[in-house]
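Asks: what would the 3D arrangement of this be:
(one chain, ligands or ions: 1)
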Amino acid sequence: MASPPTTSDPTSSPMTSIAQGDATSFVAGASTDTRAMDARAAAAATATAISRWLLVCALFVAAMVAVGGYTRLSHAGLSITEWKPVTGALPPLSHEAWLGEYAKYRASPEFQLLHHWMSLEDFKGIYWIEWSHRLLGRVTGFVVLLPLLYWVVKGALRGRRLAAVLGVFALGGLQGFLGWFMVASGLVRNPSVSHFRLTAHLLLALAIFVALVTMGLRIGDEARPSERVALPRVRSFALASLASTFVTVTWGGLVAGLKAGLVCDTFPLMHGSVIPANLFVLSPAASNLVNNGLAVQFVHRTLAYTTAGIVIATVVTTMRTAAASASVRRAAWFLLAAVVLQVTLGALTVLTHVHLHTALTHQCNALLVIAAALVLAHRASAPAVRSA
Ligand code: HEM
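Replies: Residues are numbered from 1 along each chain as shown. Below is the predicted model:
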């Protein structure tokens, strides 16, 4: 810091005083500028770090969806019959402890009706899968919670933004509960989980994923100046693609929960027809749309084609928008590629009688479709301005 000129200075004349005064205010002004630049650089660095953290959290949620899908498809989801958030983090550590867990599983309807052939070694196989699924859930909790505490203590997260992050964290807690609520529905006389609860669990995971990616992208905006221009039409189409994907995923969850992928294994026709017979065997008729496996698969396919149509319209709109930059166009093509892959994987899932890895890839790729729609919507929107 420059010190102000003093009249007691023997070398000071009126001229030198003015010159010194100018220099001093110039130096002070420059240091204020430097401080402002430093503060801006620090704010940008914090925004980058928070944005990356949120996107990493989204990746963990995606990993949870993948491991959850693997758990379901390998029939391991009901192997742990209790929900102990803290003590359950430790697997059985002795032979006696394993026997105890095995005894609880042997008492479960799933063992008695479906898995009665399972030895202790077979049981260990499915136990480890479900245990890893739950462990990943716990690790995800820490990946969210510890940096969250750090940013709050540092004062980098406050106001509306803190409320938004806490809201997502609360949804994560609800997701853990919903996971258990779903498993509990399969621990009764009929050893298969409710397809509605399974779908709710999947949809909440995807909603959390969307919230994290959206917040991550918008906070990331603050870290660097952007030349982006708002393209409202492209953005609306991207959001319509996202909404349609969500509706399609809802019926995907019902297909998975009802094991309805096995009721028709032909493509593109269903049992030789565009519209198969026996779509309305249950009464009331509307109940077929969510409870009759064949109708549920039919609805899922129809929604999938609708989504693909909306995505094609999105690409056409983007290409026709003169102001769309190369990065917006790339995002639109990427969305199209993701949805074409998704429909192909869906077809392969039915043709292979729900082969584990094919069905799992189909489930995971839905996240790619969602992420692609979000990125396109983001690139077609005006850059975010710093809020709280
Ligand atoms: C935009 C297109 C599509 C999306 C977003 C989508 C999404 C999904 C999702 C997320 C699931 C998994 C639900 C869960 O595991 O809880 C699913 C399941 C399924 N989908 Fe799709 N899907 C699409 C297209 C298709 C198509 C075109 C077919 C068939 C021709 C199809 C057949 C299936 C089947 C059979 C299952 C159940 C697989 C299982 O039991 O794990 N999907 N879908």
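Asks: so which bits of the helix or strand containing Thr214 are buried?
Replies: Assigned by DSSP states H and E, Thr214 belongs to helix 195-221. Counting neighbours by 16 or more other C-beta atoms under 10 Å, one finds that the buried residues in helix 195-221 are 195, 197-202, 204-206, 208-221. Yep, even glycine has a C-beta here, placed from its N, CA and C like the rest.
Asks: what about the ligand: which of those residues touch it?
Replies: Checked against the ligand using C-beta under 6 Å from any ligand atom, the buried residues of helix 195-221 give the following subset in range: Leu198, Leu202.
Asks: settle this for me: Leu217 is touching Arg52, isn't it.
Replies: No - with contacts defined as C-beta atoms under 8 Å, Leu217 does not count as touching Arg52, sitting 11.2 Å away.
Asks: picking that back up, give the rounded mean pLDDT of the helix or strand that the helix holding Thr214 is followed by.
Replies: Scanning the chain past helix 195-221 towards its C-terminal end, the next helix or strand to appear is helix 232-258 (assignment: DSSP H and E). Summarised as a single mean, pLDDT over helix 232-258 is 98.
Asks: list the buried residues for helix 232-258?
Replies: Under the neighbour-count criterion of 16+ other C-beta under 10 Å, helix 232-258 has 234-235, 237-242, 244-246, 248-258 buried.
Asks: quick one: contacts for the residue positioned nearest the centre of the chain?
Replies: Geometric centre of the chain, nearest residue: Phe209, 2.0 Å, by C-alpha atoms, centre = their mean. Residues near Phe209 by C-beta atoms under 8 Å, 6 or more residues apart in numbering: Ala58, Val61, Ala62, Val65, Leu367, Ile370, Ala371.
Asks: let's see which of the residues you listed end up in helices.
Replies: Ala58, Val61, Ala62, Val65, Leu367, Ile370, Ala371 (DSSP state H).
Asks: neighbours of the last one, how many?
Replies: Residues within reach of Ala371, counting by other C-beta atoms under 10 Å, total 20.
Asks: what of the third one?
Replies: Other residues within reach of Ala62, judged by other C-beta under 10 Å, total 20.
Asks: that one and Ala366, how far apart?
Replies: As defined by C-beta to C-beta, to the nearest Å, Ala62 lies at a distance of 10 Å from Ala366.
Asks: need the next SSE after the helix or strand that contains Thr46, C-terminal direction.
Replies: Of the helices and strands defined by DSSP H and E, Thr46 is found in helix 14-73. Using DSSP H and E, the helix or strand that follows helix 14-73 towards the C-terminus is helix 95-106.
Asks: from the contact counts, what lies against that next one?
Replies: For helix 95-106, the elements it packs on are helix 120-154, judged by 3 or more C-beta pairs under 8 Å, 6 or more residues apart in numbering; DSSP states H and E.
Asks: ok now the helix it packs on, how far from the chain's centre?
Replies: 16 Å (C-alpha atoms, centre = their mean, to the nearest Å).
Asks: do stretch 278-293 as well
Replies: If you compare the mean C-alpha spot of stretch 278-293 with that of the full chain, they lie 31 Å apart, counting by C-alpha atoms, centre = their mean.
Asks: ends of that stretch, how far apart?
Replies: Start-to-end span of stretch 278-293 (C-alpha to C-alpha, to the nearest Å) is 10 Å.
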